[in-house]
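K.L.:
with the input below, show me the fold.
(3 chains)
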Amino acid sequence: MTDPTDRHYDREFVRSFFTSPTAVDGEDDSAKMLRRAAQLRGLEAPDVWVPDNEDATAPSMRDEGARNIAEVVSEHGADFPGEIHPRVVWHRDSPETRYRGFRHMLEIADPENGAVEHIDGFVIPEVGDLDDWKKADEFITIVETEHGLEPGSLSMSVIIESGEAELAMSDLRGELGNPSNNLERMFLLVDGEVDYTKDMRAMTPTGELPEWPELRHNTSRGASAAGLVAVDGPYDDIRDVTGYRGRMEANRAKGMTGIWSLTPGQVVEANTAPLPPEDGQWLLDDGSGEVELREENGRWAYTGDSLWIEETDDGYRFQAGAETRECDADGLREELLDRASYVPSMDDIVDSMEQFEAAKEAGTGAIAMTREATIEVDGVTVDIENDRMWDEATYQAAKTPITLFQDVYEHRPDQHDELAERYSEDVVERATAVGE
Amino acid sequence: MTDPTDRHYDREFVRSFFTSPTAVDGEDDSAKMLRRAAQLRGLEAPDVWVPDNEDATAPSMRDEGARNIAEVVSEHGADFPGEIHPRVVWHRDSPETRYRGFRHMLEIADPENGAVEHIDGFVIPEVGDLDDWKKADEFITIVETEHGLEPGSLSMSVIIESGEAELAMSDLRGELGNPSNNLERMFLLVDGEVDYTKDMRAMTPTGELPEWPELRHNTSRGASAAGLVAVDGPYDDIRDVTGYRGRMEANRAKGMTGIWSLTPGQVVEANTAPLPPEDGQWLLDDGSGEVELREENGRWAYTGDSLWIEETDDGYRFQAGAETRECDADGLREELLDRASYVPSMDDIVDSMEQFEAAKEAGTGAIAMTREATIEVDGVTVDIENDRMWDEATYQAAKTPITLFQDVYEHRPDQHDELAERYSEDVVERATAVGE
Amino acid sequence: MTDPTDRHYDREFVRSFFTSPTAVDGEDDSAKMLRRAAQLRGLEAPDVWVPDNEDATAPSMRDEGARNIAEVVSEHGADFPGEIHPRVVWHRDSPETRYRGFRHMLEIADPENGAVEHIDGFVIPEVGDLDDWKKADEFITIVETEHGLEPGSLSMSVIIESGEAELAMSDLRGELGNPSNNLERMFLLVDGEVDYTKDMRAMTPTGELPEWPELRHNTSRGASAAGLVAVDGPYDDIRDVTGYRGRMEANRAKGMTGIWSLTPGQVVEANTAPLPPEDGQWLLDDGSGEVELREENGRWAYTGDSLWIEETDDGYRFQAGAETRECDADGLREELLDRASYVPSMDDIVDSMEQFEAAKEAGTGAIAMTREATIEVDGVTVDIENDRMWDEATYQAAKTPITLFQDVYEHRPDQHDELAERYSEDVVERATAVGE
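P.N.:
Okay, here's the model as predicted:
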C-alpha cells in the first residue's frame, strides 16, 4: 500500500554532496579538514556533507577517521546547516572491507560518542547487485537495533561504480517495502565515475573520464522510480568553473539535480546553479549555437559575428553563416523569432505561475504567455513577441525549479539572507508562496 | 508457443498519432473539434486518431467528452480512414482517476451507443509498473465481457511518462501470453515527454523539453522486443516544420517510426516523412556537416563555402575548412568519394531490391550496386562512382522503408491518389510488388 | 560462492574479431579463404578468428563449410596464434535453423576430425531471450558430452542483433552459476548492428547504419557485469580507416575494447588502436575541437587557423573564434593551460605508474604528476605546466591500457617483435613488469 515514490526523507532535493577527508596524517590535528568543513555556513555549506572515510582518507588512517567523525560531529553537528552522511568503506567483492565498514558504522553511531543524533545516514560505496545493497541495509539495521535507535532513522545512500550496481537500480523499486529488508531507508543514488570507468575498463586518449550519458540517465531514472535523489560524481578539474556549470546544466536536463563537490567553491556553484537566475536572458541561435544577447537601453543586442542584417532598398538582407536571404520586415521578425529563446528569471517563472493559477481559478484551462523583446543586430532593431501556451502540464513542468527553491528555503534558513540578496525580499516571498 | 514479436494487430507501422479535444466549453457544439477531425482524409488523416479525453480536454468536460466520442465515432467512424483509439483518464497514483477512466471506457464501448464497432482500442496515459498496466488491461477485459465484444478486440496503448513505466517496458515481453492477463492486446508505446520531464524533475534554462535520447531508445527497443509500435511524443513548436522533420529523422534512426501530431499540418508531415523521397539526392560532407548538392544539367553542384577546389599546374588544390592538400585527379576523386553520400529515392530503392532479387534467383548471394554522379565544385567537375555490396542482410535492412510503404498502401486507400501523384503510378506499382 | 566477474577464460581482452567465409562456391578449393586466414600471423592475426558458417557463407554452402572448418582447423589450428571460435547458424525464431547449427557444432567438434583441440568455442548469432541462449548452451553441453570433451571447455559467444537479446544482457549476470545451465561458458558479447537495425526497423536517409550508442553502452555494461568481453560489430566501409579508428576510440570510452574486422588490414588497425601510442601528443582546443599540435625543436606548434595570439604593447591579444581578450603573460598561460591536454605515450603511462608505486611504497597516498610543454602559436611561445593528482583510484583507472598490453603480451608471442619495434625493448620490458 505504500508507494515508493512517496519520498519519506526530509530533503526532496540535494544540490551539493561535499566530501571531506576524515583523518589526515602528519597534521597536529588529524581531524582538521573535518573541523573546517563542519563550520561551513550559507552557500558554502553543502546540502549533504560527507565525512569521507573511504577514498579521500588513507587506508591506514580510517580507524582514526571513524573516531574523528564521531568527535567532530558530536561537537559541531547540532549547528551544521546541512545533512550529515559519513561514507564508510565497502566493497561488493571483499567481505573483509564490508566488515570493516560495519564496525566503523557501529562506532560512529554509538550514542555514547554523542554524534548519532546529528547523523542522517551512511554512504555505501562500491555496491554490486541488490543483494549486496541488502547486506549494507542489514548492517545499518543492526546498528540501529544495537544502539536503540529508531528503526529507519539512518538513511542509506550508495555510490554507483560498477555495471552490476547500474543494473541494480532498475530493480530497486520492486524491492522497496519488501518485509525482509529495510531498503525504504534509501536516500541518494550517487554516480562514481572514476571507479565506474575502471570497472567498465574504459579508456580515453588523454585519461579524461568518459561522459557516461547512459549511466547518468539510468541513475536519474532509478532515483525517479524509487523516490530517491540522483547525484552526479566528482568533477576533477576544480579550476574549470565553466565546465562544472556545463556539466550541471546537462545533468539537470536528465533530472539529476545534485552533484559532488570537492571544495567549498564548488559547493557554492552547486548550491546556486539549479536555482533560476536573478535576471532573464534572451538567447539567439546564430548558427554556431545559442549565444547570449547583451541588454542595453531596453534592447537586446547581438555582438557575435556569425549573423548579419542589412537594410536594402526593398527590405532586408539576412545572413547566418553561409546562408543569405532577402526578406521584408515580417520575414525578418519571423526569422529572429525562430532563432530567439528566453531564459526566464525566478521573477518571470513566479509571475507566469501566478498568472496561470489566477486563470485556472477563473475557470480557464490554458492561457497564452507573451514575452516581448527588441532585438538589435548590426544597428537594425526588430520587435519580437513570443507566445507560449500554458496548460496544466506546462505549469507542472515549469514548477520544478520553484519546488526546488521552496525545498531549499525550508531546509536551509542559513541561506535566507544570501537568497534575499540575490533575488530581493519580494521575489523570495512570492516564490515561497506560489504553487502551494 | 506464441511469439510476442508476431504482431497480431492490423497496422504494422503507425506514422501519425493525432489527438483531438473531446469537449470544448463555450462552443455551441462542444464536439466541434472531434467532428472536424473525424472528417479528415488522405494525408491529413492520421494513421491513429486519438479523441483525447485526458490532457487536451478540461477535467470538468470529460464526462461530456466521453459521450461526445461515442456520438461522433458512431456517426463518422465507419468512414474514417485511420484507426480510432480514444485516450481516457488514468493515473498510477490515483484509484479515483483509474475508476473514472474505466467508466468512460464502459460508456464509449457500449454497443447501444453505436461507436464500438469503429473503436480499435484505448490509450492509457500515466501508467506505472507493469502491475498498473495489468489493471488497465483487466478493465478493458471487463468492458469486452460486459458488452459482449470479442475478447482482445480492443487494443491497449500506453503513454510512457514516468521512470517506472520506462522500466516496465523492459519486462513487458516476458508477460505477454501469460494466462493471467490479456496484455497481448498491447499496440502502441507512446512517449509523453512533458509529463516524463516533470516526473524526472528535469529542468532546462529556457523551459524547452530535454531530448531524452535514452528514453526514446528504450521505448523503441521495448516495442521491438514485444512486437509493438513505438511513437514519439508531441512536438510543441507547431510552426517549426524543420525541427519536426529533424526530430522524426532522429527517431527513425532509433527505430521509432511514429510521432504525435497536434495539427492536421503536422499529420501531413508525419505521414510523409518516413516514406522515401521522390527524387534521389547527393550530399557532400564539407566539414561543417552533410550539405545537399544542387542538381543542374546532370551535375551535382556544391554551393556552400566551406570547401574549395582549384586547378594547379600539376593537379588540384583541395581545401576543406582549415585543411589544404595538393592532389592529382585520382586523389581528388577519392577525396570527393569519401565525402559524398546518396539519399536514394523510392525508385532507387525498388530498383536495387529488384536487382538483388534477380541476382539471388540466379544463385548469386551478393552483388555490387554502383551509383555514379558528376560533382561540381568551383567549376571543377569530378566523376565519382560509389560501389556498395548488397547481401541478404543489406537487402533485409534496406527493405524497411518499402515494407512501411506497402503497409501504408494496404491500409490507407484514401492516400493512393496522393501517393501516385508523388511517386508516379509506375513506381507505386513496382513498390507494392517488390520483396513479397 | 563464485563471482561471475571472475573471468575464467584465458584472454581478458579481445581486440579483434575476424570473420572468414567457410566455403566459397566456384573455387577449386572452397576452403581457400579459411586456409588463407588460418595462416595470418603477428598484427594481421586476430585475437579471435571466426570461421563464419553463417552470414559470410551462402546458405547452400554451409554443410560443406562445417566440413571445411574441421579440415582447416585440424591442419592449421595448432599454429594459429589467436583463439578460434567458429560461428554456426542459429535463429531465435527458427527451430530448424537451430537444429542445423547444432549438427554443425557436432561435426566441427567431433574428435575424429582432429579440429576440436584447437577450437576455443562457438559463436551463436541471432539469439533472443536468455531462454534462447540456454538452448544454445544446452546443445554445446551435449556436444561436449557426446564427444567426451571436458565440461565447459567450449566457450559460447553471442551476437546481439535484436531488442530481446539486448534486454537479456541485463539479466545474464543473475543466471551465471545457476545449476541448471552452463552459461559460465559465456565469453564474448558481440553487437551485430546490421541485423539489429533491421530488427528495430530503423531507417536512415542514406541507408548508413545508425550509431546505436545505447546498444553499445548496454553491451559493454552487460559484459562488465557478467565478467565477459564486449565487441562491436562490423565497420562496412573498409577503405575508411579514419572512421574505423574514430569508432574504436568512441567504443573504448564506453568500455568496449574489441571490434569486428572484415579484412587483415582492419585486423591490424583493431590490434593496434587500443594500445597506447609510441609517442606522447599535445592537443589544443581551438574552439573547433581538439587539434594535434606539431612538435618542432622541442616546441609544440599550433598550425590551425581558429586561434590567434598577438603581442601588444602591454601584453597579449588572444583570439579564439569570435572571442577576443587582452591578457598578460600569466593570463595567456592560464588560457592555453585550460585548452591544452596531453595524450600520454606507453612510456609516459608506465613512468607515471612507476612513480606512483614508489610513492605508495614510501607511504604517500597521492602525488602530483607534472607535465611541461612549450606551446607556440603565431610565433609566440608559452611554457605551460600541467599538474594532475594521482591517487589509488587514478592509478587503477590509468592502468587499464597497461593491463591490456600485458594481456596481449602474454597471449600473443607472435606479436612480440612488432611490439618491441614499435615501443623499444626497454619500454616493453617495463610495461610488462609494472603494476603486477
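K.L.:
OK, contacts around the closest residue to A:His76 other than its chain neighbours?
P.N.:
In space, and not counting its chain neighbours, A:His76 is closest to A:Ala38: 3.7 Å by CB to CB, 6 or more residues apart in numbering or on different chains. For glycine as for every other residue, the C-beta is placed from the backbone atoms N, C-alpha and C. Counting by CB atoms under 8 Å, 6 or more residues apart in numbering or on different chains, A:Ala38 touches A:49, A:72-73, A:75-77, A:80.
K.L.:
quick one: the strands in the stretch 151-300 of chain A?
P.N.:
For the stretch 151-300 of chain A, the strands defined by DSSP state E, counting those that start in this stretch cover A:155-160, A:186-191, A:229-232, A:258-261, A:281-285, A:290-292, A:294-296, A:299-302.
K.L.:
just the CA atoms of the second one, as PDB, please.
P.N.:
To tie it back to what came earlier, the one meant is strand A:186-191. Output of strand A:186-191 as PDB, limited to C-alpha atoms (Å, rounded to 0.1, in the frame of the first residue of the first chain):
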ATOM      1  CA  MET A 186      17.400   4.600   0.700                       C
ATOM      2  CA  PHE A 187      18.200   8.200   0.100                       C
ATOM      3  CA  LEU A 188      20.800   9.100  -2.600                       C
ATOM      4  CA  LEU A 189      22.000   7.300  -5.800                       C
ATOM      5  CA  VAL A 190      25.400   8.900  -6.500                       C
ATOM      6  CA  ASP A 191      27.500   8.200  -9.600                       C
END
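K.L.:
pairing partners for that strand, with directions?
P.N.:
If you go by DSSP bridges, strand A:186-191 pairs up with strand A:155-160 (parallel), strand A:229-232 (parallel).
K.L.:
pLDDT of that strand, averaged?
P.N.:
Average pLDDT, strand A:186-191: 98.
K.L.:
ok, A:Leu275 to A:Ile349 distance?
P.N.:
The spacing between A:Leu275 and A:Ile349, counted by CB to CB, to the nearest Å, is 11 Å.
K.L.:
whoops, A:Leu188 was the one
P.N.:
27 Å.
K.L.:
highest average neighbour count across the strands paired with strand A:186-191?
P.N.:
Mean neighbour counts were compared across the strands paired with strand A:186-191 using mean count of other CB atoms under 10 Å in any protein chain shown; the top stretch is strand A:229-232, at a mean of 28.
K.L.:
what's in contact with it?
P.N.:
By CB under 8 Å, 6+ apart, strand A:229-232 touches A:11-14, A:17, A:48, A:187-191, A:216, A:219-220, A:222-224, A:247-248, A:251, A:255-260.
K.L.:
what's the answer for stretch A:54-70, then?
P.N.:
A:19-25, A:30-31, A:34, A:51, A:53, A:86-90, A:100, A:103-104, A:107-108, A:110, A:113-115, A:125, C:365, C:391-393.
K.L.:
re earlier: nearest to C:Gly163, of the strands paired with strand A:186-191?
P.N.:
strand A:155-160 (24.5 Å; CB to CB).
K.L.:
need the contact partners of the closest one.
P.N.:
With contact meaning CB under 8 Å, 6+ apart, strand A:155-160 is reached by A:9, A:85, A:87, A:120-127, A:133, A:136-137, A:140, A:165-166, A:169, A:183, A:185-192, A:195-196, A:215, A:219, A:233.
K.L.:
list the contacts for the closest residue to chain B within the stretch 51-200 of chain A?
P.N.:
Chain B sits closest to A:Ser170 of the stretch 51-200 of chain A, with a gap of 5.5 Å, by CB to the nearest CB. Taking CB under 8 Å, 6+ apart, we find A:Ser170 in contact with A:218, A:222, B:167, B:170, C:170.
K.L.:
and with 7 Å instead?
P.N.:
By CB atoms under 7 Å, 6 or more residues apart in numbering or on different chains, the contact set of A:Ser170 is A:222, B:167, B:170, C:170.
K.L.:
relative to A:Arg333, how far out is the residue of chain A most remote from its centre?
P.N.:
Distance from the centre of chain A peaks at A:Asp313, with 52.7 Å (CA atoms, centre = their mean). Distance of A:Asp313 to A:Arg333, given as CB to CB: 19 Å.
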